[in-house]
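J.: structure for the following, please:
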Amino acid sequence: MEQVDAIVVGAGVVGLAIARALARSGHETLVLEAESRIGTGVSARNSEVIHAGLYYPPGSLKARLCVAGKALLYAFCEARGVPHRRTGKLIVARDAGQSAALDAIAASAVSAGVSDLRRLSGPEVRALEPELECTEALLSPSTGIVDAQAFMLALLAEAEAGGATLATASRVARISRVAGLWCVHVVDASRASVSASASAGASAGPNANAKACAEASETPASVAAPWLVNAAGLGAQALAGRIEGMDPARVPRLHLARGNYFAYAGRVPFRHLVYPVPEAGGLGTHLTLDLAGRARFGPDVEWIDRIDYTVDPARHAQFATAARRLWPALDPSRLEPAYAGIRPKISGPGDVAADFRISGPTDHGMAGLVNLFGIESPGLTASMALADDVVARLA
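T.: You can find the predicted model right below:
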């Protein structure tokens, strides 16, 4: 049994950002990831959009951390050469009845500290994007896109440069509390991955408390730390349920909302991202671009009861209808199923959209523990600000 300063469970974009922040603060950190590589869950299955912070209730964590995280993300990408682009985004109203929705988005954005929005008339929109059909729109110049995988690799590189270690194929079986330490018991790990990783990062080696953890372990590998961060994404609730002493009432119910994407085969005549006004459960089926200029439409909102990334080709008709509301000249035959992501929501169908839940010691009464629940969009944009928030709650 080795001891480190901090253990982060989950090597998605948020977990890696937290590991980087901890390592840069001088804390020996071990990142445990159940899969064989980083960022295979929520972080790999999204629109890769850098959000400006337009939609979230004033004062919410989503609003505050999105705006702060956007600035940190752009600065990080520019300094480290992570591929990204400030494409700008248009949120379009199809008719006069949606004008009030644009008013509400603009007001929310201003309250969150977004100061660069512009209201455009229909002719002004068509001057930018001649193929768009709308009565008016909001232009968000600071919205952009990023190569999420490259961003995660850059975060990991900085975390490792600061002394953090990644252990993949390491599934947490249970977490116990012994002598002031969080003892994380790991299975399905390569026999050397956790123990070697921990010893590589630990300067003090095992002490009496860590040995006490080891004696309580029935798994092939275990590691101890005074700080523990649950950044397991879709698995955060299940992991919290394996923490000894965790009050189930402190763990919100997980609701799964699948977002399907359809790709467009061929060139599109757009330079900006194009969004409709938001819908219940999401931001509406929108048009996004990747860094190569390829277009995709999505995600929609499909409530499901188990993790399943299958995209049903039968959804083609509804995607074509939604896409043609934005781009009337779209050729439906060029739309094809692409991929799906799943939002780890803590609000269900018909509920008011929930905020991020960052549950620290003052919330659950357990020293040195932070659980992250409901980290959906704008989690990618907010990731570095989320990391700073988590470290502050542990300190």
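
J.: surely residue 291 touches residue 83?
T.: Yes. Taking contacts as CB atoms under 8 Å, residue 291 lies within contact range of residue 83: 5.4 Å. In short, each C-beta sits where N, CA and C put it, glycine included.

J.: who touches both of these two?
T.: Both residue 291 and residue 83 are contacted by residue 147, under the criterion CB atoms under 8 Å, 6 or more residues apart in numbering.

J.: residues contacting the closest residue to residue 332 other than its chain neighbours?
T.: Excluding the flanking residues, the one nearest residue 332 by CB to CB, 6 or more residues apart in numbering is residue 320, at 3.9 Å. Shown in contact with residue 320 (CB under 8 Å, 6+ apart): 330, 332, 335.

J.: which SSE is residue 320 in?
T.: Using DSSP states H and E, residue 320 maps to helix 316-326.

J.: rounded mean pLDDT for that helix, please.
T.: Throughout helix 316-326, pLDDT has a mean value of 93.

J.: tell me which other helices or strands the helix or strand following that helix touches.
T.: Using DSSP H and E, the helix or strand that follows helix 316-326 in sequence is strand 335-345. Packing partners of strand 335-345 (3 or more CB pairs under 8 Å, 6 or more residues apart in numbering; DSSP states H and E): strand 255-264, strand 295-298, helix 316-326.

J.: send me the last one as PDB with only the CA atoms.
T.: In other words, helix 316-326. The C-alpha coordinates for helix 316-326 follow below in PDB (Å, rounded to 0.1, in the frame of the first residue of the first chain):
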ATOM      1  CA  HIS A 316     -33.200  10.200 -39.700                       C
ATOM      2  CA  ALA A 317     -36.500  11.700 -40.600                       C
ATOM      3  CA  GLN A 318     -36.800  13.800 -37.400                       C
ATOM      4  CA  PHE A 319     -33.100  14.900 -37.800                       C
ATOM      5  CA  ALA A 320     -33.800  16.000 -41.400                       C
ATOM      6  CA  THR A 321     -36.800  18.000 -40.300                       C
ATOM      7  CA  ALA A 322     -34.900  19.700 -37.500                       C
ATOM      8  CA  ALA A 323     -31.900  20.400 -39.700                       C
ATOM      9  CA  ARG A 324     -34.000  21.900 -42.500                       C
ATOM     10  CA  ARG A 325     -35.500  24.400 -40.000                       C
ATOM     11  CA  LEU A 326     -32.000  25.800 -39.900                       C
END
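
J.: that older thread, now the helices and strands packed on strand 335-345 as JSON lines including distance to residue 239?
T.: Listed next are the helices and strands packed on strand 335-345 as JSON lines, based on distance: least, CB to CB, whole Å:
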{"stretch": "strand 255-264", "distance to residue 239": "16"}
{"stretch": "strand 295-298", "distance to residue 239": "28"}
{"stretch": "helix 316-326", "distance to residue 239": "34"}
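
J.: and residue 381, which of those is closest to it?
T.: Comparing the helices and strands packed on strand 335-345 against residue 381 with CB to CB, the closest turns out to be strand 255-264 (16.2 Å).

J.: packing partners of the next helix-or-strand element following that closest one?
T.: Sequence-wise, the next helix or strand downstream of strand 255-264 (DSSP H and E) is strand 273-276. Counting by 3+ CB pairs under 8 Å, 6+ apart, the packing neighbours recorded for strand 273-276 are strand 89-93, strand 286-289, helix 316-326.

J.: residue 348 versus the closest residue to residue 256 other than its chain neighbours, what's the distance?
T.: Take residue 256 and drop its neighbours on the chain: the residue closest to it by CB to CB, 6+ apart is residue 304, 4.9 Å away. Separation of residue 304 from residue 348 (CB to CB, to the nearest Å): 12 Å.

J.: kindly report the same for residue 378.
T.: 20 Å.

J.: higher neighbour count, those two?
T.: Between residue 378 and residue 348, counted using other CB atoms under 10 Å, the more crowded position is residue 378 (28 against 14).

J.: is it true that that one touches residue 66?
T.: Yes. Judged on CB under 8 Å, residue 378 makes contact with residue 66 at a distance of 4.3 Å.

J.: render the CA-only coordinates of stretch 132-145 in PDB, please.
T.: Only the C-alpha atoms of stretch 132-145 are listed here, as PDB (Å, rounded to 0.1, in the frame of the first residue of the first chain):
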ATOM      1  CA  LEU A 132     -29.900  30.600 -43.000                       C
ATOM      2  CA  GLU A 133     -33.600  31.100 -42.700                       C
ATOM      3  CA  CYS A 134     -34.600  33.200 -39.600                       C
ATOM      4  CA  THR A 135     -36.200  36.400 -38.500                       C
ATOM      5  CA  GLU A 136     -33.400  37.400 -36.200                       C
ATOM      6  CA  ALA A 137     -30.500  36.000 -34.200                       C
ATOM      7  CA  LEU A 138     -27.900  36.400 -31.400                       C
ATOM      8  CA  LEU A 139     -24.300  36.400 -32.500                       C
ATOM      9  CA  SER A 140     -21.800  35.000 -29.900                       C
ATOM     10  CA  PRO A 141     -18.300  35.800 -31.200                       C
ATOM     11  CA  SER A 142     -16.500  34.000 -28.300                       C
ATOM     12  CA  THR A 143     -18.100  30.600 -28.900                       C
ATOM     13  CA  GLY A 144     -15.700  28.200 -30.500                       C
ATOM     14  CA  ILE A 145     -14.600  24.600 -31.100                       C
END
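
J.: for that stretch, buried residues please.
T.: 132-140, 142-145 (16 or more other CB atoms under 10 Å).

J.: just the closest of those residues to residue 94, please.
T.: residue 134 (5.9 Å).

J.: that closest one is in contact with residue 128, isn't it?
T.: No. Counting by CB under 8 Å, residue 134 sits too far from residue 128 to count as a contact (11.1 Å).

J.: residue 186 - that's part of a strand, no?
T.: Yes. Under DSSP: H, G, I helix; E, B strand; the rest coil, residue 186 sits within a strand.
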